[in-house]
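Chemist: no sequence on this one, just coordinates:
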Ligand SMILES: NC(=O)C1=CN([C@@H]2O[C@H](COP(=O)(O)OP(=O)(O)OC[C@H]3O[C@@H](n4cnc5c(N)ncnc54)[C@H](OP(=O)(O)O)[C@@H]3O)[C@@H](O)[C@H]2O)C=CC1
Ligand SMILES: N[C@@H](CC=O)C(=O)O
């Protein structure tokens, strides 16, 4: 080991930080760092957008000129926690080119530019750490990166968005209206500046995009993945869930299929009481990993908010003291796995008018209920029928995955045969010979 690399030197490596953003996360980090003197990391300058805003920190710390931070040779770490993904990408690119390590919380920026960011990291050799952008306080990226071998990771199911989980909990446990629950999520600092990103599933799918890279070496674009948010989940769905002893959560999932490819989606799902995710309430996140020999493991922690997010940023800053970098092992050192859209989902669909549902797209329908106010069915459908159409998001239609939603081809044949035998007659009656 060279002189520079002794543990004593790691300990004394001084980190001089240029911080971008002083909102929920940035201010949280400022406070957390002030309480962690042992880290020997100091914020030299903070770049914000609006000079006139009152700040709980000395005025001389702030600037609106980004180059003051990016061109300062003493600053060796840029921490980027702003809410503008376009500006964030420019900041991160310049920071790399100027020889600075980067810690970021901007999941939208990371998901949309992952390939370019990977290339820049390779070209410049700088560290780029972004643990806080996935599940805030839960160290899921480092665990996926360091612990699980590609071959052993059978599946991951996770609640990765704190705001939607908070809204669902408040709506269905405390009977708060959707609007009031969202306002609370905003006031508590959980929601994105544009809350559409949370409630319509963009934030969760952004996170899932790069978690798939760390889990399976998959590089994809958020819009390639099948996703929606909680915008269509309604009181009727909650009532059906309650009758069956389930809760509804927005779940990101990925499963390695028998053919070695990975099925992935981010959709609302009914969660049974014995599922670890049923335990995840309010702004908490949870991750259930199923692997070859360990069986199930469950990670749980706060998925949004000032200090929980700042704690992950702090941990990334601390990791820079020993030059930690993600190795993207599944991408560079293993054979990366491929995403597939060739699988089936078992879904619940509630709607006003049956005429608006393309029944012919279903392989089969297992349940059908018509109530006074609304109707619902449970059936099995190929993913391509959801990816190529918007009908399941429109006309007040709500789609929620059944608990064991992903069905592979082989399994399908057996299930189909059995279900046709059991449900075929009833099915004909309900749909007039369909
Ligand atoms: N809140 C949370 O729980 C979590 C948030 N994140 C992510 O962290 C990031 C920050 O979120 P959050 O703190 O909640 O957002 P806030 O809206 O609370 O704060 C955003 C900050 O960014 C600053 N800003 C915006 N544009 C620029 C720019 N071009 N240059 C410099 N500063 C700029 C704003 O400046 P000004 O103060 O002048 O307006 C503000 O200080 C986002 O990417 C978010 O997705 C990640 C995990 C959890
Ligand atoms: N808006 C996000 C914040 C953390 O990533 C969420 O609600 O999860």
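Modeler: Nice, thanks for sending it over. Just so you know, these numbers come straight off a predicted model, no measurement behind them. Ligands and ions are numbered 1, 2, ... in the order given.
Chemist: Touching, residue 163 and residue 191? I think so.
Modeler: Yes. Look at residue 163 against residue 191 with Cβ atoms under 8 Å: they come within range, at 4.5 Å. Every C-beta, even on glycine, is put in place using the N, C-alpha and C of the backbone.
Chemist: got any residues that touch both of these two?
Modeler: Both residue 163 and residue 191 are in contact with 182, 185, 198, 304, where contact means Cβ atoms under 8 Å, 6 or more residues apart in numbering.
Chemist: Count the residues that sit near the last one.
Modeler: The tally of other residues near residue 304 (other Cβ atoms under 10 Å) stands at 29.
Chemist: Who are the contact partners of it?
Modeler: 136, 161-163, 166, 189-191, 283, 285.
Chemist: so it sits in a helix?
Modeler: No. Applying DSSP: H, G, I helix; E, B strand; the rest coil, one finds residue 304 to be coil, outside a helix.
Chemist: Need the residues that contact stretch 38-57.
Modeler: For stretch 38-57, the surrounding residues in contact (Cβ under 8 Å, 6+ apart) are 12-22, 26-27, 30, 33, 61-66, 68-69, 72, 74-75, 77, 82, 84, 314, 317-318, 321.
Chemist: Around the nearest residue to residue 152 once chain neighbours are set aside, how many other residues sit close by?
Modeler: Excluding the flanking residues, the one nearest residue 152 by Cβ to Cβ, 6 or more residues apart in numbering is residue 292, at 3.9 Å. Other residues near residue 292 number 11, with proximity taken as other Cβ under 10 Å.
Chemist: Isn't residue 292 up against residue 150?
Modeler: No. Between residue 292 and residue 150 there is no contact under Cβ under 8 Å: 10.6 Å.
Chemist: For the stretch 51-200 of the chain, just list every one of the helices.
Modeler: Secondary structure of the stretch 51-200 of the chain by DSSP state H, counting those that start in this stretch: the helices cover 66-70, 85-97, 107-112, 114-124, 132-135, 140-146, 162-173, 178-187, 196-199.
Chemist: if we can go back for a sec, what subset of the contacts of residue 304 is also close to ligand 1?
Modeler: Within the set of those, contact with ligand 1 (Cβ under 6 Å from any ligand atom) is found for 136, 189-190.
Chemist: List buried residues within those residues.
Modeler: Applying 16 or more other Cβ atoms under 10 Å to these, the neighbour count classes 136, 189-190 as buried.
Chemist: pLDDT and distance to residue 142 added to the residues you listed, as TSV?
Modeler: Putting those into TSV (pLDDT from 0 to 100; distance: Cβ to Cβ, whole Å) gives the following:
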residue	pLDDT	distance to residue 142
136	98	14
189	98	24
190	98	23
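Chemist: just the residues of this protein that are near ligand 1, which are they?
Modeler: Residues of the chain lying near ligand 1 by Cβ under 6 Å from any ligand atom: 20-26, 47-50, 53, 81-84, 87, 105-107, 132-133, 136, 189-190, 192-193, 304-305, 309.
Chemist: taking those one by one, which sit in strands?
Modeler: Counted as lying in strands by DSSP state E, out of these, are 20, 47.
Chemist: Tell me the buried residues within the residues of the chain next to ligand 1.
Modeler: In terms of neighbour count (16+ other Cβ under 10 Å), the buried residues within the residues of the chain next to ligand 1 are 20-26, 47-48, 81-84, 87, 105-107, 132-133, 136, 189-190, 192, 304-305, 309.
Chemist: For this protein, give me the ranges with low pLDDT.
Modeler: Along the chain, the model assigns pLDDT under 70 to residues 1-12, 410-434.
Chemist: what about 80?
Modeler: Counting by pLDDT under 80, the low-confidence segments of the chain come to 1-13, 149-151, 409-434.
Chemist: picking that back up, which one of the buried ones among the ones next to ligand 1 among the contacts of residue 304 is nearest residue 365?
Modeler: Sorting these by how near they are to residue 365, with Cβ to Cβ, puts residue 190 at the top with 37.3 Å.
Chemist: In this structure, what residue lies closest to ligand 1?
Modeler: residue 23 (1.8 Å; Cβ to the nearest ligand atom).
Chemist: Name the nearest residue to residue 208, sequence neighbours excluded.
Modeler: In space, and not counting its chain neighbours, residue 208 is closest to residue 252: 4.3 Å by Cβ to Cβ, 6+ apart.
Chemist: So which bits of stretch 176-189 are buried?
Modeler: Using 16+ other Cβ under 10 Å, the residues of stretch 176-189 that count as buried are 176, 178, 181-182, 184-185, 188-189.
Chemist: which one of those residues is nearest residue 218?
Modeler: The closest of these to residue 218 turns out to be residue 185 (Cβ to Cβ; 29.8 Å).
Chemist: I'd say the closest one and residue 199 touch.
Modeler: No. Distance between residue 185 and residue 199: 9.1 Å, which falls outside the contact criterion (Cβ under 8 Å).
Chemist: which neighbours do these two share?
Modeler: The overlap between the contact sets of residue 185 and residue 199 (Cβ under 8 Å, 6+ apart) consists of 163, 167.
Chemist: end-to-end on stretch 309-328?
Modeler: 23 Å (Cα to Cα, to the nearest Å).
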